[in-house]
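A.B. asks: Sequence and predicted structure, then a few things I'm wondering about:
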Amino acid sequence: MLDTFTRLAARTHTPEERLRSARLALRLAFLVLAAPGLPLGLLYLLTRPAPLAWSVTLALVGLSLGLGLLPLRLARQAAQDTTLPPERRALTAAFQAGSAPAIPFLVGCAALASWPAAALLWALAAFLYLFAWRQVATWTPAAPTPAS
């Protein structure tokens with residue numbers, strides 16, 4: 001399915017279509033990774049885990065931030081990879097960037113027993129998602145490239 005998606009997205013002609021395809025790739029990558037989080041977090045909540053201390057909450061937020069920035073760095077490198085066609089670069093970068101907000105989102109799902117921790121982690125996930133959303137526009141080629 002993803003191969004078909006990338007072939008169709010690579011055939012888009014206008015910059016707006018390419019941007020829309022790359023943002024769709026970002027959204028799909030995030031949803032594929034984050035979708036299992038809520039049901040699993042709710043299932044874990046049924047075991048009545050103890051709430052997290054603030055020090056643990058801050059450590060989880062810091063760890064999630066660090067791990068969330070890594071896919072963004074890798075996505076930026078993929079966007080600058082000259083061995084790939086420009087259309088493929090943007091899609092590859094968008095797919096990789098989708099995992100950046102998924103990391104704190106999933107950790108937040110695991111921390112549902114502690115609402116402040118879940119809220120902070122989900123706020124971080126929202127920030128990383130919006131940041132990646134804006135970055136996709138810089139990774140998408142503005143002018144059409146000739147067909148090879």
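C.D. replies: Yes, it's here.

A.B. asks: Excluding chain neighbours, what is closest to the residue minimising distance to the centre of the chain?
C.D. replies: Closest to where the C-alpha atoms of the chain average out (CA atoms, centre = their mean) is Gly98, at 2.0 Å. Of all residues not flanking Gly98 in the chain, Ala29 sits nearest, at 2.4 Å (CB to CB, 6 or more residues apart in numbering). Glycine gets a C-beta too; all of them are placed from N, C-alpha and C.

A.B. asks: Assign the one you found to helix, strand or coil.
C.D. replies: Under DSSP: H, G, I helix; E, B strand; the rest coil, Ala29 falls in the helix class.

A.B. asks: count of residues packed around it?
C.D. replies: 24 (other CB atoms under 10 Å).

A.B. asks: correct me, but it touches Leu91?
C.D. replies: No. Judged on CB atoms under 8 Å, Ala29 makes no contact with Leu91 at a distance of 10.0 Å.

A.B. asks: Packing partners of the host helix or strand of Phe95?
C.D. replies: Secondary structure assignment for Phe95, by DSSP states H and E: helix 86-97. In terms of contact count using 3 or more CB pairs under 8 Å, 6 or more residues apart in numbering; DSSP states H and E, helix 86-97 is assigned the packing partners helix 2-10, helix 15-34, helix 54-79, helix 115-139.

A.B. asks: model confidence over the shortest one, on average?
C.D. replies: Model confidence over helix 2-10, given as mean pLDDT, is 59.

A.B. asks: same check, this time on stretch 122-130
C.D. replies: Here stretch 122-130 scores 98 as its mean pLDDT.

A.B. asks: just stretch 83-100 next, same as before
C.D. replies: The model assigns stretch 83-100 a mean pLDDT of 90.

A.B. asks: Output that stretch as CSV, restricted to C-alpha atoms.
C.D. replies: What follows is stretch 83-100, C-alpha atoms only, in CSV (Å, rounded to 0.1, in the frame of the first residue of the first chain):
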residue,chain,number,x,y,z
THR,A,83,20.7,10.2,-4.2
LEU,A,84,16.8,10.3,-4.1
PRO,A,85,14.5,12.1,-6.5
PRO,A,86,13.2,15.3,-4.9
GLU,A,87,9.6,14.0,-4.7
ARG,A,88,10.8,10.8,-3.0
ARG,A,89,12.9,12.9,-0.6
ALA,A,90,10.0,14.8,0.7
LEU,A,91,7.9,11.7,1.2
THR,A,92,10.7,9.8,2.9
ALA,A,93,11.3,12.7,5.2
ALA,A,94,7.6,13.0,6.0
PHE,A,95,7.3,9.3,6.8
GLN,A,96,10.3,9.5,9.1
ALA,A,97,9.1,12.6,10.8
GLY,A,98,5.8,11.0,11.7
SER,A,99,7.5,9.0,14.3
ALA,A,100,8.7,12.1,16.2
